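> how would this look folded up:
(2 chains)
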Amino acid sequence: MDVDRRTLMKGMLASGALLALGVPSWAFADQSARRPKQCMLVLGGTSADEAFAYGTQAACAALKYKDFQTVHLKGGLLADMDQMVNLLDHSEGARMIAILDDASAVIFLELARSGVRMRSMGAHACSTDRACHIRHEIATSSQGQGAGGLLASQLIRQQGSFAITEGFLHDASPGLALTAWSAPGFCSYRSVEPESIHLHCSGLSLPDGCRLLALGTTEQWVPVSPKVYDRDSSTTSPTKNWVESVGYAVTASALGVDSVRESCSSRAFVHQATGSERIGPQERFMSFVMDL
Amino acid sequence: MASKYVALPKGVSEQTFAAAVKEFRRVLGEGNVLTDADHLAPYTKVMMPVPEANHTPSAAILATTVEQIQKIVGICNKYKVPIWTISTGKNLGYGSAAPAERGQVVLDLHRMNRILEVDGDLCYALVEPGVTYRQLYDYFQEHKLPLWLSVPAPSAIAGPTGNTLDRGVGYTPYGEHFMNACGMEVVLANGEILRTAMGGLPKSNTWQVFKWGYGPYLDGIFTQSNYGIVTKFGFWLQPAPPVYKPFMIQYQNEEDIVEIVEIMRPMRLNGVIPNSGVIAHALYEAPLKAKRSDYVSGPGSISDEAVRQLVKDHNMGIWNVTAALYGTKEQVDVNWKIVTDAFGKSGKAKFLTEEDVGDDPQFGYRAVIMRGGMDMREFNLYNWRGGGGSLWFAPVCPARGSETLNQMAMAKRILTKYGLDYTGEFIVGMRDMHHILDMLFDRTDPEMTKAAYQCFDELITTFSAEGYGSYRTNTAFMDKVAATYDPIQRSVNRTLKQALDPNGILAPGKSGIRIGKRKSVFQFGKSFKK
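Predicted coordinates:
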């Protein structure tokens, strides 16, 4: 295990650059109350670690969050799970963001099962052999902790198709007024049967979006009125590729950026790029955000 | 109005559930009754091709004593709240820790983790359900006990109680775990405590040494079932042998499995090869050495040509037989000669021993788990395709070469139809083989996830139609697999359930068993005949 403070310094340097890009400070107003006292990034030895960490640093810089620790797990959890056990045992009170390969993620979840508060788990993949190259499947505890909207806002800046699905374990939507995420170019729909789903499509029709996500066509989809739209795009930041975008969005969410709380039990964002695709690194990994 | 809970048990109102939760908290303490989404999220994660919402628990409760469990079943009966019991909760690819049905309360026993007794002379252990193999392994090291475990692939993080109760297997001579189980303590749905077999005798001193007791042998009905909650579990341990010789034999054609099985069966039956060895297809072992993306660029399953290239690049066999010899040097030497003579006859086999392979990861992890060591490198399987999808398909196969080839060909044909890879192995029993197939798919890909569901469904249907039943399955397909077995079996299971758990509070749906009136399936002249 190697606590890397050098990368933190690089992140601090990035901070100035982002402020110069005009990320508005008001976008992060009110998030100090949700901000964790101690936050750590655990890099599980995947080939996506570096890019993810860069996104994390960008988010920390944008949010002026300094108390961030980066931990490198060498060789993943298959070779040695004791280092992760120690980390879980000795980091009480910290918020942990972890990026792991699929195999290590399975073990990690088993080690962390009881005693942690899991805010979100995400599976992220990019491969050219599927209709939609970049895919994210996120399970989030509740609407207030969702990173899907932030991620969509990040990814739309890049020239590549993507699909994000996000399910909320605790569906608080019956108690929420109708709200929906939005970003330029997206059309949004909601379905209330058999459960409340929001679908945001860009560059493709509703039926094509449904087909891409293997959603049944029996749902009654209704366009969401623009007046209930809210935006996450004000909290975005330029990132070089999709992995950085995930690092940024997951971290920003973990640091308390108040994403749009959509009144639905699950939501999806689908974007079909026009023209030439910029696919980005073909990686797959899992992300976790949890309180220890 | 939004519910306070992430899910509710079927047919239970929020008010009733809240009353049950209040009583759970009185028994277990506030911190041991988890109902908020943050705490429940790790209990919902599944690897199956179904929405996690189907298996979301309403609560997770953590008990540490038998008395608490007795009180919990009392509360469950009072409020008709169903519980899904897990020990260490590592049933990966079979449903993990998530319940069979949405809204069931997970009763998590992982903190009930005392090693109650280890007898170094008689070679047995008595443990609580939360004890892991790693705990026992460390205990043996600490106390310098020359005892070996038999572990499944998740070794360190799994435990003997849960694995054996789901009739899991390991890879040592004690690899058929339930065969080596000896004595249980069970909390019944009415709160009574049953000690099986010799455990029923006051001052019993043979509970962990004689399995059968007196009268009907009951232990079996508490495996893969929902008739009770096992709170103590006894099992046998292997004395560490003076000499251990793991070996691997590689073959280069899929059809060679006929020869392999015909040679191996007599050696398993007569004890020359004493352990549950494995005949693993190249794709089962490949994730230890290679990346799928280096060999496949488009959609669909990996081609035979690509598999051949992979095998060549990484010094593997299309079939990789791993087994081991245990005993004195004289015994091992004699048996090694028998093994090499038998497999060497056709000239197809390539023999590898520890001396030949260096630190080869494939040989290395097999060598560790065949002596009951802790090694989780088999989990590299989950990186093969990526995306977190895994379903174990587990049909039983007679230990005949032709049948083995037939099963492999059937599985491969169906998997290829759905664009999935044949990632399979045969765990070699004496007369049977557990054909274990990890159906790996990418859960981030909705199309592939849908295909995985349909593929698994077809595998069950097709195999059972050919007489190949599954010995174990995941929570999404328990009803389907149960329905492949004869209705009289299912009716008897239901009758037992009704008698032992009339309110149906214990793990409804486990192995397709629920309460309900027994339907008479008997008709004169139409009873089940082979």
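> so what's whichever residue of the stretch 301-450 of chain B sits closest to chain A up against?
When scored by C-beta to the nearest C-beta, the stretch 301-450 of chain B has B:Pro446 as its residue closest to chain A, at 3.4 Å. (C-beta placed from N, C-alpha, C; glycine too.) Shown in contact with B:Pro446 (C-beta atoms under 8 Å, 6 or more residues apart in numbering or on different chains): A:Thr165, A:Leu212, A:Leu213, A:Ala214, A:Leu215.
> Kindly recompute the last result at 6 Å.
Each residue near B:Pro446 by C-beta atoms under 6 Å, 6 or more residues apart in numbering or on different chains is listed here: A:Leu213, A:Ala214.
> how close does it get to A:Gln220?
With distances taken as C-beta to C-beta, to the nearest Å, B:Pro446 is found 20 Å from A:Gln220.
> all strands for the stretch 1-150 of chain A, in order.
In the stretch 1-150 of chain A, the strands defined using DSSP state E, counting those that start in this stretch lie at A:2-3, A:39-43, A:68-72, A:95-100, A:117-126, A:134-142.
> Quick one: these as CSV, columns for mean neighbour count too.
What follows is these, written out as CSV (neighbours: other C-beta atoms under 10 Å in any protein chain shown):
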stretch, mean neighbour count
strand A:2-3, 10
strand A:39-43, 23
strand A:68-72, 19
strand A:95-100, 25
strand A:117-126, 24
strand A:134-142, 25
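> among these, where is the model least confident on average?
Ranked by mean pLDDT, the strands of the stretch 1-150 of chain A bottom out at strand A:2-3, with a mean of 46.
> Can you name the residues of the stretch 1-150 of chain A that neighbour chain B?
With C-beta under 6 Å from any C-beta of the partner chain as the criterion, the stretch 1-150 of chain A meets chain B at residues A:78, A:101-103, A:106, A:109-110, A:113, A:117-118, A:123, A:125, A:129-130, A:135, A:137, A:141-142.
> just for the stretch 101-250 of chain A, where's the confidence low?
Counting by pLDDT under 70, the ranges of the stretch 101-250 of chain A that qualify are A:129, A:131, A:159, A:173-176, A:194, A:217-219, A:226-237.
> the helices in it, which residues?
Under the criterion DSSP state H, counting those that start in this stretch, helices of the stretch 101-250 of chain A are mapped to A:102-111, A:148-155, A:206-212, A:242-254.
> can I get the CA coordinates of the shortest one in CSV?
In this case it means helix A:206-212. Output in CSV follows, covering the C-alpha atoms of helix A:206-212 (Å, rounded to 0.1, in the frame of the first residue of the first chain):
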residue,chain,number,x,y,z
LEU,A,206,-37.2,7.1,-28.1
PRO,A,207,-37.8,3.7,-29.7
ASP,A,208,-34.1,3.4,-30.6
GLY,A,209,-33.1,4.4,-27.0
CYS,A,210,-35.4,1.8,-25.6
ARG,A,211,-34.0,-0.8,-28.0
LEU,A,212,-30.5,0.0,-27.0
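> other SSEs contacting that helix?
Packed against helix A:206-212, as judged by 3 or more C-beta pairs under 6 Å, 6 or more residues apart in numbering or on different chains; DSSP states H and E, are no other helices or strands.
> same check, this time on the first one
Contact analysis of helix A:102-111 by 3+ C-beta pairs under 6 Å, 6+ apart lists helix A:76-79, helix B:381-384 as its packing neighbours.
> need the least confident one among these, by mean pLDDT.
Within those, confidence is poorest for helix A:76-79, with a mean of 84 (mean pLDDT).
> which residues touch that one?
Applying C-beta under 6 Å, 6+ apart, the external contacts of helix A:76-79 come out as A:Gly44, A:Gly45, A:Met84, A:Ala103, A:Ser104, A:Ile107, B:Met376, B:Arg377, B:Phe379.
> Return the set of buried residues in that helix.
Neighbour counts over helix A:76-79 (16 or more other C-beta atoms under 10 Å in any protein chain shown) mark A:Gly76, A:Leu77, A:Leu78 as buried.
> Can you pull the residues of chain B lying near chain A?
Close to chain A, as judged by C-beta under 6 Å from any C-beta, chain B has residues B:1-2, B:6, B:37-39, B:41-42, B:45, B:90, B:157, B:298-299, B:376-377, B:379-380, B:382-383, B:386-388, B:443-447, B:450.
> I'd like to know which of the residues you listed are part of helices.
Using DSSP state H, B:Ala37, B:Asp38, B:His39, B:Ala41, B:Pro42, B:Tyr382, B:Asn383, B:Pro446, B:Glu447, B:Lys450 are the members of the residues of chain B next to chain A that sit in helices.
> What is the burial count for the third one?
Just to be clear, that refers to B:His39. 21 (other C-beta atoms under 10 Å in any protein chain shown).
> out of the strands of the stretch 1-150 of chain A, nearest to B:Arg114?
strand A:117-126 (27.3 Å; C-beta to C-beta).
> The closest one - which strands sit beside it in the sheet, and in what orientation?
strand A:134-142 (antiparallel), strand A:284-291 (antiparallel) (DSSP bridges).
> got a pLDDT number for B:Thr164?
Note for B:Thr164: predicted pLDDT of 96.
> again, but for the one 10 residues further on
B:Tyr174 carries a pLDDT value of 96.
> which residue sits closest to it in space, ignoring its chain neighbours?
Once flanking residues are discounted, B:Tyr174 sits nearest to B:Ser150: 4.1 Å by C-beta to C-beta, 6 or more residues apart in numbering or on different chains.
> Quick one, which of the strands paired with strand A:117-126 gets closest to B:Ala342.
Closest among the strands paired with strand A:117-126, using C-beta to C-beta: strand A:284-291, at 43.3 Å.
> by how many degrees do the closest one and strand A:39-43 diverge?
Per axes from the mean of the first three to the mean of the last three C-alpha atoms, to 10 degrees, the angle that strand A:284-291 makes with strand A:39-43 is 160 degrees.
> Give me the contacts around strand A:284-291.
A:46, A:48, A:95-101, A:105, A:116-125, A:250, A:254, B:386.
> Turn the buried residues of helix A:76-79 into TSV, columns for distance to B:Val481.
Below are those laid out as TSV (distance: C-beta to C-beta, whole Å):
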residue	distance to B:Val481
A:Gly76	34
A:Leu77	31
A:Leu78	30
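> Give me the neighbour count for residue 65.
Reading this off chain A. Using other C-beta under 10 Å, A:Tyr65 is surrounded by 23 other residues.
> Hmm, no, I was thinking of chain B.
14.
> Find the nearest non-adjacent residue to it, please.
Using C-beta to C-beta, 6+ apart, the nearest residue to B:Thr65 is B:Met112, at 7.4 Å.
> go on, B:Lys71?
Per C-beta to C-beta, 6+ apart, closest to B:Lys71 is B:Val27, 4.6 Å.
> List the buried residues for the helix or strand encompassing B:Asp457?
According to DSSP states H and E, B:Asp457 maps onto helix B:446-465. Residues of helix B:446-465 classed as buried: B:446-449, B:451-453, B:455-456, B:459-460, B:463-464 (neighbour count, 16+ other C-beta under 10 Å).
> quick one: the strands in the stretch 151-300 of chain B?
Using DSSP E, counting those that start in this stretch, the strands of the stretch 151-300 of chain B run over B:181-188, B:193-195, B:228-236, B:238-239, B:243-251, B:278-281.
> Make CSV from the ones you listed and add mean pLDDT to it.
What follows is the strands of the stretch 151-300 of chain B, written out as CSV (pLDDT from 0 to 100):
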stretch, mean pLDDT
strand B:181-188, 98
strand B:193-195, 98
strand B:228-236, 98
strand B:238-239, 97
strand B:243-251, 98
strand B:278-281, 98
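> Redo the ones you listed as CSV? Include distance to B:Ile318 and mean neighbour count.
Below are the strands of the stretch 151-300 of chain B laid out as CSV (distance: least, C-beta to C-beta, whole Å; neighbours: other C-beta atoms under 10 Å in any protein chain shown):
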stretch, distance to B:Ile318, mean neighbour count
strand B:181-188, 35, 23
strand B:193-195, 49, 17
strand B:228-236, 36, 25
strand B:238-239, 31, 18
strand B:243-251, 6, 21
strand B:278-281, 7, 25
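> Of those, give the one that comes closest to B:Val332.
That would be, of those and by C-beta to C-beta, strand B:243-251, which comes in at 4.7 Å.
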